[in-house]
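> just to be clear, the model below is a prediction. Sequence and coordinates:
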Amino acid sequence: MFIYWNYSELSMEKQTILIIGGGIAGLTACRALAGHYNITLLEGSGRLGGRVFSDHHNTVSGVVERGAEFVHGGAKNTLDFLKEAGIEYRKMPGKMYRTENGRLEKLQDFVEHWDKMLDKMKGADERLTLDEFLEQEFPGEEYAELKKQARQYAEGFDLADPAKVSAAGLYEEWSEEEGEMYHIPQGYSALVDFMAEKCREQSAEIIVNALVKQVNWQKDDVTVQCADGTTYKAHKLIVTVPVGVLQHIGSDAHIDFNPALENHMAAIQKVGWGTVIKAILQFSEPIADEDVGFVISEEIFPTWWTWSVNKDNPVWTGWMGGPRAKELSGLDRDALIEKVLVSCANIFDIPVDRLRGKLKAGEIVNWQNDAYVLGGYSYATTETKHAREILNMPVEDTIYFAGEGLYEGSEPGTVEAAIVSGLQVAGKVMVR
């Protein structure tokens, strides 16, 4: 006997969930929930991945990681996903160096008194900024180098403003023992592709170029309207767009909520949001000894690394974060390339004109100019801990937020942070 199934009626047995944002957090939540719910993921730009963007079409040969690049040894979920997908990752080559008195010296340890500083940070008042903490706990000239290095570390690695970042908020990350660092030869976007494929295998619908501008909602009833006038309806909504987009009211990708989410939107303003400029340079020949893989300096672009030690056409990446990057983010490509070359020349003790002659190609990545991101990644201000408590609470079991900016743990600002947040928000939806 032939039985006719009304598939539209069957689908109504499952609740419908919309996810805004096709970065790692959104894809992770999508994969975890697909199969249990009818899922539609809307991405405003023309590609998935958010701040994961492995560019195969650029002036530099090979893959250019315009966004996330490192896989840290403690990133358990990230490594598990890479293994599941069969995606190769390799240990970073070379050693860490620091410029000392105009010379490159192998990095043996952090600056004197660093461990003492960490001990005091452990019990620091959460209301103290890093600047306030350092001046309170380490006054005097004997600690001048410690304070300088701590501020540079906060700016360079955390993209944080020392006058705003919470000293206590930095402790968990800084106190973690540095493990191995890896990279993905085929590009981090391979993980994005894998996650998207798994979502589609479970019948999740993924739509790019679907820029959400308006969310109208009441309990268990959400309607979103895109810039092109298309609307989507669901029982629940998960918002995973970057903190910077939610903070910048009036920006191209900003989302309006009706009724307004006053508590959550006030809380999002209290999450620190960092600025970063990244430069990728390819040279015609090696510019450093084969032992040098990672360099910390005091140049305008202070941090450098390479995955191609002592190979033909080596590629070096320069990194500038924090307030300095914000100040210079308005410069055009040529002006930034010049500052990059000067920094690189000073670090490797090569005349800048000679270094310029070795330059085959160069890319500047300025995430502040990306309308779907508007910055780098988050950091904790003195008000962020309470703000994240609010942001991690669903609104009437109907609207949920996720993303690396909501993460609490020792891997802030990373793909791992986004994955953890995506898994956590999926768990909250499942138990409702």
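Arrived safely. Numbers count the residues shown, from 1 in each chain.
> quick one: Ile390 is in a helix?
Yes - counting by DSSP: H, G, I helix; E, B strand; the rest coil, Ile390 is part of a helix.
> name the nearest residue to it, sequence neighbours excluded.
Computed as C-beta to C-beta, 6 or more residues apart in numbering, the closest residue to Ile390 that is not its neighbour in sequence is Ala267, at 4.1 Å. Where you see a C-beta, it was placed from the backbone N, CA and C, and this is true even at glycine.
> convert the C-alpha atoms of the helix or strand the one you found falls within to PDB, please.
Using DSSP states H and E, Ala267 sits in helix 262-268. C-alpha atoms of helix 262-268 as PDB (Å, rounded to 0.1, in the frame of the first residue of the first chain):
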ATOM      1  CA  GLU A 262      18.200  47.000  25.900                       C
ATOM      2  CA  ASN A 263      20.100  45.000  28.400                       C
ATOM      3  CA  HIS A 264      21.900  42.900  25.900                       C
ATOM      4  CA  MET A 265      22.800  45.800  23.600                       C
ATOM      5  CA  ALA A 266      24.100  47.800  26.700                       C
ATOM      6  CA  ALA A 267      26.100  44.700  27.700                       C
ATOM      7  CA  ILE A 268      27.700  44.300  24.200                       C
END
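> what does that helix contact?
243, 246-247, 257, 386-388, 390-391, 395, 401, 405 (C-beta atoms under 8 Å, 6 or more residues apart in numbering).
> burial of the nearest residue to Ile337 once chain neighbours are set aside, as a residue count?
Residue nearest to Ile337 in three dimensions, not counting chain neighbours: Gly362, with 5.3 Å by C-beta to C-beta, 6+ apart. For Gly362, the neighbour count with other C-beta atoms under 10 Å is 20.
> assign Gly362 to helix, strand or coil.
When states are read from three-state DSSP, the local structure at Gly362 comes out as strand.
> surely Glu205 and Leu42 touch.
No - using C-beta atoms under 8 Å, Glu205 is not in contact with Leu42; the gap is 9.2 Å.
> more neighbours: which of these two?
Leu42 (22 against 15).
> if I look at the closest residue to the more buried one other than its chain neighbours, how far off is Glu404?
The spatial neighbour of Leu42 that comes closest, neighbours along the chain excluded (C-beta to C-beta, 6+ apart), is Ala210 at 4.1 Å. The gap separating Ala210 from Glu404 is 22 Å, by C-beta to C-beta, to the nearest Å.
> more neighbours: the two, which one.
Counted by other C-beta under 10 Å, Ala210 and Glu404 do not tie: Glu404 has more neighbours, with 28 against 20.
> what's the helix or strand for the residue lying closest to Ala75 once chain neighbours are set aside?
Sequence neighbours aside, Glu416 is the residue nearest to Ala75 in space, at 3.7 Å (criterion: C-beta to C-beta, 6+ apart). Glu416 is part of helix 415-431 when elements are defined by DSSP H and E.
> in CSV, list the C-alpha atoms belonging to that helix.
As requested, the backbone C-alpha atoms of helix 415-431 are provided in CSV (Å, rounded to 0.1, in the frame of the first residue of the first chain):
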residue,chain,number,x,y,z
VAL,A,415,38.7,29.8,16.7
GLU,A,416,38.6,27.6,19.8
ALA,A,417,36.7,30.3,21.7
ALA,A,418,34.1,30.5,18.9
ILE,A,419,33.7,26.7,18.8
VAL,A,420,33.2,26.5,22.5
SER,A,421,30.6,29.3,22.4
GLY,A,422,28.8,27.6,19.5
LEU,A,423,28.6,24.3,21.4
GLN,A,424,27.4,26.0,24.5
VAL,A,425,24.6,27.9,22.8
ALA,A,426,23.5,24.7,21.1
GLY,A,427,23.4,23.0,24.5
LYS,A,428,21.2,25.8,25.9
VAL,A,429,18.7,25.5,23.0
MET,A,430,18.5,21.7,23.4
VAL,A,431,17.6,21.8,27.0
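> and the contacts of it?
Around helix 415-431, the neighbours that count as contacts under C-beta under 8 Å, 6+ apart are 17, 23-29, 32-33, 36-37, 50, 52, 68, 71-72, 74-78, 81, 188, 191, 236, 238, 240, 392, 394, 400-404, 406-407, 409, 411.
> Leu128 reaches Gln136, doesn't it?
Yes - contact criterion C-beta under 8 Å: Leu128 and Gln136 qualify, at 7.0 Å.
> mind checking which of these two has more residues around it?
In this view Leu128 and Gln136 are compared by other C-beta under 10 Å, and Leu128 has more residues nearby, 19 against 13.
> could you tell me how far that one is located from Leu423?
The value you get for Leu128 to Leu423, if C-beta to C-beta is used, is 32 Å.
> what is the three-state secondary structure of Trp316?
strand.
> contacting residues around it?
Under the contact definition (C-beta under 8 Å, 6+ apart), the residues listed for Trp316 are 280-281, 283, 287, 304-306, 344.
> same question for Pro314.
Going by C-beta under 8 Å, 6+ apart, Pro314 touches 282-283, 285-287, 306, 308.
> just the pLDDT at it, thanks.
According to the model's per-residue confidence, Pro314 sits at a pLDDT of 93.
> distance-wise, check it relative to Gly35.
45 Å.
> can you confirm Asp228 is in a strand?
No - with three-state DSSP as the criterion, Asp228 is coil rather than part of a strand.
> what's the neighbour count on it?
9.
> swap in the one 5 residues further on?
The number of residues packed near Lys233 is 12, by other C-beta under 10 Å.
> so what's the backbone phi/psi at the residue nearest to Ser308 when sequence neighbours are not counted?
What sits nearest to Ser308 in space, not counting adjacent residues and going by C-beta to C-beta, 6+ apart, is Pro314, at 4.7 Å. As for Pro314, its main-chain torsions (degrees, to the nearest 10) stand at phi -60, psi 150.
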